[in-house]
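Visitor: Return atomic coordinates for the entry below.
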Amino acid sequence: MTKDERKEYNKAYYKEHIDYHKEWHKEYSQKHKDEIKEYMKNYRVENKERRKEYSKSYYNENIDEIKARMKIYQKDHRKYLKEHRKIYLGAHKILYDAIRRGDIIRGPCSVCGSNKNIHGHHEDYNKPLEVIWLCAIHHAEIHYNK
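Guide: Below you'll find the model as predicted:
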């Protein structure tokens, strides 16, 4: 069997048994979830520049398609985004007003204890006065890791 014939055979076999492969992959991913997560985290750190260059080149090569997809996404999600933005901005305004009036006092960062550049992190925007006080660094970490 030649190399090309072997490739074709493998493709056909995979297509014929695709349900088995999907199920196997799903089980493997669940079983090794933490290992995969750690591997991907390390990969992103070790290949930061390579990934950045790839993203730039992909964007530049596919800019029209990306813009078309974004236009469709924004149209489909405009109502949701508008509602979410109202809740998000409303929570920030209520918290800011309460701080300005003196009803709430900014506390130190709950992670490192710093008093510089403190942000109020909302776990739930429907509870605008329930915040966790974090410095800018730890606030960014929480949002990045979500």
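
Visitor: How many residues are close by Pro128?
Guide: 20 (other C-beta atoms under 10 Å). Where C-beta positions appear, they are placed from N, C-alpha and C, glycine not excepted.

Visitor: Which other helices and strands does the longest helix seen in the chain contact?
Guide: Counting by DSSP state H, the longest helix found in the chain is helix 63-101. Here helix 63-101 touches strand 118-122, going by 3 or more C-beta pairs under 8 Å, 6 or more residues apart in numbering; DSSP states H and E.

Visitor: Just want the angle from the longest helix of the chain to strand 118-122.
Guide: 110 degrees (axes from the mean of the first three to the mean of the last three C-alpha atoms, to 10 degrees).

Visitor: Tell me the secondary structure at Ile132.
Guide: Classification of Ile132 by DSSP: H, G, I helix; E, B strand; the rest coil places it in strand.

Visitor: Surely it and Ile118 touch.
Guide: No - between Ile132 and Ile118 there is no contact under C-beta atoms under 8 Å: 10.6 Å.
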